[in-house]
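1. the sequence and its predicted three-dimensional model are supplied below.
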Amino acid sequence: MTDLLASLNDEQRQAVSATPGNQLILAGAGSGKTRVLVHRIAWLLQNTDITPYGIMAVTFTNKASREMRERIEEVLGFPARGMWVGTFHGLAHRLLKAHFKDAKLPENFQILDSDDQLRLLKKLVKQLNIDDERFPTKEIQWWINGQKDEGRRAAHIQAWDPQTEAQLTVYSAYEEACLRGGFVDFGELLLRAHELLRDNQHLLEHYRERFQYVLVDEFQDTNTIQYAWLRLLAGETGAVTAVGDDDQSIYGWRGAKIENIQQFEQEFSGVRTTRLEQNYRSTGSILKAANAVIENNDDRLGKELWTESDDGEAISLYSAFNEQDEAHFITERIEQWVEQGHRRDSSAILYRSNAQSRVLEEALIRAGIPYRIYGGQRFYDRLEIKNALAYLRLVISRNDDTALERVINVPTRGIGNKTVDVVREFARDHGCSMWEAMQQVLQHKLLTARAGNALISFMHLIDQMDQATDDLSLAEMTEQAIEMSGLKDHHLKEKGEKAQARLENLDELVTAAKVYDADEEQPASPLRQFLDDAALDAGEQQAEENIDSVQLMTLHSAKGLEFPQVFLAGVEKNIFPHKMSFDEPGRLAEERRLCYVGITRAMEKLYICYAESRRLHGKESFNGPSAFIREIPSSVIEEVRLRTQVTRPVSAVKGFSSVHAAADLGVKLGQRVFHQKFGEGVIMAVEGAGGNARLQINFDYEGSKWLVMQYANLRPMEE
DNA sequence: ATGGTCGGGTTTTTT
DNA sequence: ACCCGACCAT
């Protein structure tokens, strides 16, 4: 057995070997957070009388929980059986499954993902005659989820204005529909798991006694209901180890409460706090930049990262002429980096919003550099996958209206809107499921013979699929469902790359099902398990992850990752910090934390780029450098100057000719100039030559103007 | 039932 | 600029 403490620094060792009790570990970026968490668990198992059975480890993503289990078992050298490791949602699901009766749920309750939820809400909004122009369903969904995150049910809420009233009406109807259909959405998993423990003393006591240690990663991301659940579970005797970094809280907009980490010390008794401030990831310059930026936030718990390694290379700041130039610059630098013998996947390009990725992708394609985009649509969210799963859901439960509505006419089988309307209305009037309604509607001959026959053959189809359940493996069954439903033919008939991809995805789904068949521990219902996992897990990322490629992702998705070389693209006003974050006060601080996250992803080399001019959403804008850039000490920054050698694709002709015209006049595009009346600005474009030449200048305060060079009397600025 | 147009929106994302 | 959803015409 390895000596767990040998390879740790003093603070890490203190955190790992702390005496029993509540513990807060404030772990800066790159300070070995996961390592401490993993070692803490191993240490507890080796040095106290606790067994894996008494430990729970909670994370936010499935990926994180898989990694955590792997690393624990690696350190221990044996499988940690009996230990609960999972996401908040996964663990809540587990509790609800185990105690479905106490949770007042049907045994086979179905998890609704956001898409299912939205569809159901849309249906209800329609039924309730709510004007969805005035109250968009998306907003109602957002609101309901927000309420659940705060632990509030419809019955707890008072409506004082028309909007809340409308939302509340839908919330109530939605609760009822979920109850009747046996649906549980993501928020409901947490809310109900909380209520389960709160309202069942015997269960609470049981789990309190069992889980003497609860360890929570990314504690700064917990929302109200998650915190309440932990608080309840821990009681006065259990011990919670909260690991997190208030400076990396970037999910406030979806309900995460940074206050949770700030209040932890007060609300849990006898908390020992350890700060992990030694950084093992980045160079000195990068850390100086990160520290300087985050210092501008108030209400921090306070940490300052330091490193034993030297300053390394300065941070390069590139002021691009426009977004094309920015992308071009980045690809060039990546080419150089690769020529120096580095792998492509040691470089990452990070941006604030997904819309920025396009130009970057185009430039990478032009340069022939393979890249991979993280994020985007998840595997189990894809249309063809959701359709196939919907058939399987119907096999398990005919009363799953959400699944039924989804595929009753996919592929088209002559069951049009009108027919579905009749069934839906019948179901609503009689408070039964749509499947039951179909049977009734047929019996009472409420439909034309043609529509009736279509319904009958659909019902028959599902029943046939069901019969296959008994003697087929899950993979075979999935394959059958895809074939029998006609989904395969449907996509075979479509043309284009998209259809091809859909077919491949369906194959992939069958492959995913095979994993369950190979599993030694066969669950009671492999299909049920498969569907639950599909709802709770994103599925692995897209294919081709094995080729060495440059990594592209949003700043949010970059949290938790590290790369030798990082490019922060589009570090401009209005984009980052995003203009949407200006209204609310706390938002700017969150954007700054996002910036801190971005900077601290870099290990060796960091580039910060912004464009003087950017075409986004079809409009040209001149945002100017982000305020965050000015927060970085100039001593660690080195500006890159190569604008005159900019080559641009011929498609962007206007700027192209400008470059040459500007050179003839002895000015540079992108050059900062001072004007007597308008103040400071940047030369954006040049038109004409000699005495008539006009310059387009984007002034910091006056906006963009065309001036005749001869009269403008411009003074070049020192940058 | 399907395809085409028109208009609105457009930060971040997991479960 | 582009994507998606709603509505309308075939």
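-> Noted; the coordinates are in hand.
2. and the nearest residue to A:Gln356 once chain neighbours are set aside, what does it touch?
-> Once flanking residues are discounted, A:Gln356 sits nearest to A:Gly570: 5.1 Å by C-beta to C-beta, 6 or more residues apart in numbering. For every residue, glycine as well, the C-beta is placed using N, CA and C. Contacts here follow C-beta atoms under 8 Å, 6 or more residues apart in numbering; on that basis A:Gly570 touches A:Glu323, A:Glu326, A:Tyr351, A:Arg352, A:Gln356, A:Phe576, A:Cys609, A:Tyr610, A:Ala611, A:Arg614.
3. quick check: the first one touching A:Glu620?
-> No. Using C-beta atoms under 8 Å, A:Glu323 makes no contact with A:Glu620, being 10.0 Å away.
4. so what's in contact with those two at the same time?
-> Counting by C-beta under 8 Å, 6+ apart, the contacts common to A:Glu323 and A:Glu620 are A:Ser613, A:Arg614.
5. pick out whichever of these two has more residues nearby.
-> A:Glu323 (26 against 13; other C-beta atoms under 10 Å).
6. separation between that one and A:Glu335?
-> A:Glu323 sits 19 Å away from A:Glu335, taking C-beta to C-beta, to the nearest Å as the criterion.
7. give me the pLDDT value at the residue of the stretch 251-400 of chain A found nearest DNA strand C.
-> For the stretch 251-400 of chain A and DNA strand C, the shortest gap (C-beta to the nearest atom of the strand) falls at A:Arg358, measuring 6.8 Å. On pLDDT, A:Arg358 comes in at 91.
8. pretty sure it is in a strand, no?
-> No. Assignment of A:Arg358 by DSSP: H, G, I helix; E, B strand; the rest coil gives helix, placing it outside any strand.
9. how many neighbouring residues does it have?
-> With other C-beta under 10 Å as criterion, A:Arg358 counts 12.
10. what residues are up against it?
-> Residues near A:Arg358 by C-beta under 8 Å, 6+ apart: none.
11. the residue nearest to A:Gln356: which element?
-> Assigned by DSSP states H and E, A:Gly570 belongs to no helix or strand.
12. ends of stretch A:626-641, what's the gap?
-> End-to-end distance of stretch A:626-641 (C-alpha to C-alpha, to the nearest Å): 18 Å.
13. picking up where we left off before, for the residue nearest to A:Gln356, grab phi and psi.
-> Main-chain dihedrals, A:Gly570, degrees, to the nearest 10: phi 70, psi 40.
14. excluding sequence neighbours, find me the nearest residue to the residue in the stretch 101-250 of chain A that DNA strand B sits nearest to.
-> Going by C-beta to the nearest atom of the strand, DNA strand B is nearest to A:Phe186 of the stretch 101-250 of chain A, at 3.2 Å. Spatial nearest neighbour of A:Phe186, excluding adjacent residues (C-beta to C-beta, 6+ apart): A:His89 at 6.0 Å.
15. surely the one you found is within a strand?
-> No. Under the criterion used here (three-state DSSP), A:His89 is helix, not part of a strand.
16. that one and A:Leu121: what is the separation?
-> Distance from A:His89 to A:Leu121, counting by C-beta to C-beta: 20 Å.
17. do the same with A:Arg593
-> To A:Leu121, A:Arg593 is 32 Å away according to C-beta to C-beta.
18. with neighbour numbers in mind, choose between these two.
-> Ranked by neighbour count (other C-beta under 10 Å), A:Arg593 and A:Leu121 place A:Arg593 first, with 25 against 21.
19. so which strand or helix has the more buried one?
-> Following DSSP H and E, one finds A:Arg593 within helix A:585-599.
20. ramachandran angles for A:Lys445?
-> With angles defined as degrees, to the nearest 10, A:Lys445 sits at phi 50, psi 50.
21. that one contacts A:Leu455, correct?
-> No. The pair A:Lys445 / A:Leu455 is not scored as a contact, 11.6 Å apart, by C-beta under 8 Å.
22. the two: which has the busier surroundings?
-> Ranked by neighbour count (other C-beta under 10 Å), A:Lys445 and A:Leu455 place A:Leu455 first, with 23 against 9.
23. I'd assumed A:Val422 was in contact with the more buried one.
-> No. The criterion here is C-beta under 8 Å, and A:Leu455 misses it with A:Val422 at 9.7 Å.
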